[in-house]
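Novice: Next come a sequence and a model predicted from it.
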Amino acid sequence: MTNMKQAQEALKLYYLPGLQYQLNNANPILAVMDRDQKSVVGSEIRMALRYGRHGGIGNRTDDGDLPTPRSRQTKQAKWETKNIFGHIQISDKTMRASRGDGAFISLLEADLEDALTDAKDDIERQLFGDSTGKMATCGVNTASNEIEVDDTRFFAEGQIVDIVTATTGVVLADNREITVVDDANNTITITGAPVTTGNTDIVTRAGNFGLELTGLDAIFTPDNTLYGIDRTKNKWFNPTVVNNVGTISEVKIQEAIDEADRRAGGKVNLMATTYGVRRAYQELLLATKRTTDTMKLKGGYDVLLYNDKPMTVSKYAPEGILYGLDMDTFKLYHIMDWNWLDEDGAILSRVPNKPVWSAILARYMDLGMNKPAGSFKMSGITEA
């Protein structure tokens, strides 16, 4: 089929480079993050960690014994890459009905644009997440399709979600469509049978529980297990956290930067926060009659500056939070760049037993920070 041949060529030669660029720059943090393929062995990421101090340093008398050499302590973090897919479908009837004048390509392009927009959005959400897939925590709901949640920011009508007990992984409701998002009352309405939930249950994108990227919430939660390392027994691997900040000030930000430097020699060179915290910082500058300096990051993002450090914002950053990141310690580990699953020679393949054609975009990757103590999280900031 001419349409099929045109579509295959367009997806591979024309659309793929643009998709790769857009997805790799889905967020300012991802845009400036280094990539690492060499540290991925098979499907497993291996990240070398060094901590402590070198033992061969010391002062002695003229004829005293030299310090005993002892390298810094080492530990290897090992964990699996995460699998991220983008899946588009088009019916055979639609494809045959849209012959000529590039109609089929235009139809395919529209579907790709929608998929790209939502994929970028979801990757940004995962960047700030805890790897469980949690989009919100449920309240106590008894046999209801209207589910009270703690936050509706991440939801949209038409999304397909699961409700899962976070502590056990038991799925209470699967593949439910959201029909109503009520921001004013913090509720979502879902299809299917009524559901009973408690405050240990969470809402996730359908099928995603426990499979999402190791985001900032996971990295900056002290005493959890990160990359297979129990941080209750390895305190050196805990992040620098400053709680109950209240009104933001330059001194408080500097104190957090200094603490990350003191603990691990961290050199914070990028910040990430919410719209409300950014506004609070802008009000601080306005009150002190300071100029609001800006810069342009890779990916075309315009951001504020704090002492020449870019301050990025995201709608997915948790309320009242400011992250200070040493980007020299933060990498995206991956097996490959985004690519079509076309090992069988075809990007568009027919779905078994259905008159439908599909294409799948994939990437196997995760985020890794080898020195969390060298970065910081400030929480409890009063937003404006």
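Specialist: Structure received.

Novice: Show me where the stretch 1-150 of the chain has its strands.
Specialist: 34-36, 40-41, 44-51, 73-80, 82-91, 134-137, 141-144, 146-148 (DSSP state E, counting those that start in this stretch).

Novice: Mean neighbour count, these: which tops it?
Specialist: strand 134-137 (a mean of 21; mean count of other Cβ atoms under 10 Å). Just so you know, the C-beta spots here come from the backbone N, C-alpha and C atoms, and that holds for glycine as well.

Novice: Name the surrounding residues that touch that strand.
Specialist: Surrounding strand 134-137, the residues in contact under the criterion Cβ atoms under 8 Å, 6 or more residues apart in numbering are 125, 149-152, 154-155, 161, 166, 188, 199, 201-205.

Novice: Please export the C-alpha coordinates of it as PDB.
Specialist: Extracted C-alpha coordinates of strand 134-137, given in PDB (Å, rounded to 0.1, in the frame of the first residue of the first chain):
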ATOM      1  CA  LYS A 134       1.400   7.900  42.500                       C
ATOM      2  CA  MET A 135      -0.500  10.700  40.900                       C
ATOM      3  CA  ALA A 136      -2.600  11.400  44.100                       C
ATOM      4  CA  THR A 137      -3.400   9.800  47.400                       C
END
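
Novice: Minimum distance to residue 277: which of the strands of the stretch 1-150 of the chain has it?
Specialist: Set against residue 277 and scored by Cβ to Cβ, the strands of the stretch 1-150 of the chain come closest in strand 134-137, at 20.4 Å.

Novice: what's the single longest strand in this structure?
Specialist: Ordering each strand of the chain by length in residues (DSSP state E) puts strand 356-369 first.

Novice: Would you list the strands that that strand pairs with, along with their directions?
Specialist: Sheet partners assigned to strand 356-369 using DSSP bridges are listed as strand 82-91 (antiparallel), strand 330-334 (antiparallel), strand 339-340 (antiparallel), strand 349-350 (antiparallel).

Novice: mind listing the helices for the protein?
Specialist: All helices of the chain, identified by DSSP state H, fall at 2-9, 16-24, 28-32, 92-97, 103-127, 216-219, 250-264, 275-287.

Novice: Show me the one of the strands of the stretch 1-150 of the chain that comes nearest residue 253.
Specialist: That would be strand 34-36 among these, by Cβ to Cβ, at 24.6 Å.

Novice: So in that sheet, which strands flank that closest one, and in what orientation?
Specialist: Looking at strand 34-36 with DSSP bridges, its partner strands are strand 330-334 (parallel).

Novice: Centre of the chain to the strand it pairs with, how far?
Specialist: Remark: strand 330-334 is offset 12 Å from the chain centroid, using Cα atoms, centre = their mean, to the nearest Å.

Novice: can you tell me the average pLDDT over it?
Specialist: Averaged over strand 330-334, pLDDT sits at 98.

Novice: Next up, the contacts around the residue most central in space within the chain.
Specialist: Central residue of the chain (Cα atoms, centre = their mean): residue 127, 1.2 Å from the mean position. Contacts for residue 127 (Cβ under 8 Å, 6+ apart) come out as 27, 29, 30, 213, 215, 216, 314, 316, 367.

Novice: Surely residue 175 is in contact with residue 163?
Specialist: No. Assessed by Cβ atoms under 8 Å, residue 175 is found out of contact with residue 163, at 10.6 Å.

Novice: Comparing those two, which residue is more hemmed in?
Specialist: Just comparing residue 175 and residue 163: by other Cβ atoms under 10 Å the higher neighbour count belongs to residue 163, 24 against 13.

Novice: Tell me how far that one lies from residue 195.
Specialist: In this view, residue 163 and residue 195 are 6 Å apart by Cβ to Cβ, to the nearest Å.

Novice: any shared contact partners between those two?
Specialist: What both residue 163 and residue 195 touch, as defined by Cβ under 8 Å, 6+ apart, is the set 147, 172, 173.

Novice: picking up where we left off before, the residue nearest to the centre of the chain and residue 378: what is the separation?
Specialist: 18 Å.

Novice: Same check on residue 309?
Specialist: For residue 309 relative to residue 378 (Cβ to Cβ), the value is 14 Å.

Novice: Give the intersection of the neighbour lists for the two.
Specialist: residue 324.

Novice: Between the two, which is the more surrounded one?
Specialist: Taking other Cβ under 10 Å, residue 309 and residue 378 do not tie; residue 378 has more neighbours (24 against 18).

Novice: Does the more buried one touch residue 322 like I think?
Specialist: Yes. Here residue 378 lies in contact with residue 322, judged by Cβ under 8 Å, at a distance of 4.4 Å.

Novice: tell me, what's touching those two both at once?
Specialist: 245, 253, 256.

Novice: tell me which of these is nearest to residue 236?
Specialist: For the shared contacts of residue 378 and residue 322, the nearest to residue 236 is residue 256 (18.3 Å; Cβ to Cβ).
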